[in-house]
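In: Next come a sequence and a model predicted from it.
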Amino acid sequence: MRKLIIALILAFIPTLAVAEEIRVSVNGMVCSFCAQGIKKTFGNLVEVESVSPDLENKLVVIVTKKDQLLTDARIEELIKDSGYEVKKIERKS
Amino acid sequence: MRTRLKYCYFVLALVPEIAIAHPVSFKDGYGVMPGYSKERQELELNYSLTSSSAIALNTIKLDYEDQDLVFVLPQFNYKIFRQNEEDSQTNLYGSLGIGAGRYRDETEVAGLAAFQADYETRRIYTLLSAEHLQTEGISLNRVRYRLGVAPYLADFEGIHTWLIAQVEFTPELEEELSVTPMLRFFYKNYLLEFGVSLKGDPVAAGIFHF
């Protein structure tokens, strides 16, 4: 059991040590003025290094700070608070 | 008091009018929406409690039978419906306000009911709105339709431009329809629009979110 716990901790350490790029496909994001809420909402989070809405590809690219996590559920909630809907979330470290 | 009110509306006249509002923005977002047209000047301040509801304070000054008619209305704005599609957005908003109306040195209870439906893509924008204002012995209605086209597509941080045709009917103030070609610009969280009606009357509007 102890070995399993140690293995799990070791497995998570590399994930937490690096920043993560999260690409969120968002429905309804057709107007930059209306989507300012997305920029403001994510920009205010301590976990977030940068947030870049992309109207052409209907994407919001979020880069987290090192050692910071942003769950899919939290992203969906914040996109909803901004008035939009998440279509898909992709991650790469 | 009257001089002070006139001064306030003179200041408002220097900034754009709220020709079309964002009754609700995003959770914890603030909106400042000043406005000017020949017969109407207004300022709405709102705070969005959620992405569907906002509380607001709306002040409206109208030129009614050659006298100033002023409304001060605490207001509740609600997004009744929103459809987010990949390339479009459809909204239906409703607003209700109750407060005071001042006309010919008399202050009475006043109310506002309004709805707004809009549809937009990155290229096309269309909107229908209706508003009813009521105070003792006075009923005022306004119906407005807009169609807009974006001549080019800008990215998120760019300056966006829209060419808009607006048709407005205010039966108690004007017998004829008012047709106004307008230009709208927005950059980041600032929106500005202005136009001149076919009769030569200037119209302007602005929205600032933060």
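Out: Cool, got the structure. Numbers count the residues shown, from 1 in each chain, chains lettered A, B, ... in the order given.

In: Need the per-residue pLDDT for residue B:22.
Out: Note on residue B:22: pLDDT of 81.

In: same deal with residue B:203?
Out: So residue B:203 comes in at 94 (pLDDT).

In: so what's it up against?
Out: Neighbour list for residue B:203: B:17, B:19, B:36, B:37, B:38, B:166, B:180, B:182, B:194, B:195, B:196, B:197 [criterion: CB atoms under 8 Å, 6 or more residues apart in numbering or on different chains]. Yep, even glycine has a C-beta here, placed from its N, CA and C like the rest.

In: Looking at these, which are in strands?
Out: Taking DSSP state E, the ones among those that sit in strands are B:36, B:37, B:166, B:180, B:182, B:194, B:195, B:196.

In: Tell me how many other residues crowd residue B:204.
Out: Residue neighbour count, defined by other CB atoms under 10 Å in any protein chain shown, stands at 21 for residue B:204.

In: Buried residues of the strand or helix carrying it, list them for me.
Out: In this structure, residue B:204 sits in strand B:202-209 according to DSSP states H and E. Buried residues in strand B:202-209, counted by 16 or more other CB atoms under 10 Å in any protein chain shown: B:203, B:204, B:205, B:206, B:207, B:208, B:209.

In: again, but for stretch B:118-138
Out: With burial defined by 16+ other CB under 10 Å, the residues of stretch B:118-138 counted as buried are B:118, B:119, B:120, B:122, B:125, B:127, B:129, B:131, B:133, B:134, B:135, B:138.

In: Tell me the span between the first and last residue of that stretch.
Out: One end of stretch B:118-138 sits 29 Å from the other (CA to CA, to the nearest Å).

In: pLDDT averaged over it - what is it?
Out: 96.

In: roughly how far out does it sit from the chain middle?
Out: Relative to its parent chain, stretch B:118-138 has a centroid offset of 8 Å by CA atoms, centre = their mean, to the nearest Å.

In: same question, stretch B:140-151
Out: Using CA atoms, centre = their mean, the offset of stretch B:140-151 from its chain centre is 11 Å.

In: Name the helix or strand for the nearest residue to residue A:61 once chain neighbours are set aside, please.
Out: Once flanking residues are discounted, residue A:61 sits nearest to residue A:52: 4.6 Å by CB to CB, 6 or more residues apart in numbering or on different chains. Element membership for residue A:52 (DSSP H and E) is strand A:48-54.

In: Okay, now the sheet partners of that strand, with direction.
Out: In the sheet, strand A:48-54 lines up against strand A:59-64 (antiparallel) (DSSP bridges).

In: So which bits of the strand it pairs with are buried?
Out: Counting neighbours by 16+ other CB under 10 Å, one finds that the buried residues in strand A:59-64 are A:59, A:60, A:62, A:64.

In: One more: stretch A:72-86?
Out: Buried residues in stretch A:72-86, counting neighbours by 16+ other CB under 10 Å, are found at A:75, A:78, A:79, A:80, A:81, A:82, A:83, A:84, A:85, A:86.

In: what kind of secondary structure is the last one in?
Out: Here residue A:86 is strand, with the state taken from DSSP: H, G, I helix; E, B strand; the rest coil.

In: That one reaches residue A:29, doesn't it?
Out: No: in this structure residue A:86 lies outside contact range of residue A:29 using CB atoms under 8 Å: 10.6 Å.

In: Surely residue B:130 and residue B:95 touch.
Out: No: taking CB under 8 Å as the definition, residue B:130 is not a contact partner of residue B:95, at 10.7 Å.

In: interface residues of chain A facing chain B?
Out: For chain A, the residues in contact with chain B (CB under 8 Å from any CB of the partner chain) are A:26-28, A:30-41, A:52-56, A:58, A:80-85, A:87.

In: Helices along chain A, start to end?
Out: For chain A, the helices defined by DSSP state H cover A:2-17, A:36-43, A:72-81.

In: typed the wrong thing, it's chain B
Out: Secondary structure of chain B, counting by DSSP H: helices at B:2-13.

In: which stretches of it aren't confidently modelled?
Out: By pLDDT under 70, the weakly predicted segments of chain B are B:1-21.

In: hang on, the earlier thing: tell me the one of the contacts of residue B:203 nearest residue B:104?
Out: Nearest to residue B:104 out of those is residue B:38 (CB to CB; 20.6 Å).

In: quick one on the thing from earlier: just the C-alphas of the strand holding residue A:52, formatted as CSV.
Out: Taking Å, rounded to 0.1, in the frame of the first residue of the first chain, the C-alpha atoms of strand A:48-54 are listed here in CSV:
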residue,chain,number,x,y,z
VAL,A,48,-3.6,31.5,-14.6
GLU,A,49,-0.5,32.9,-16.3
SER,A,50,-2.2,34.1,-19.5
VAL,A,51,-5.5,33.8,-21.3
SER,A,52,-6.0,34.4,-25.0
PRO,A,53,-9.4,34.3,-26.7
ASP,A,54,-9.2,33.5,-30.4
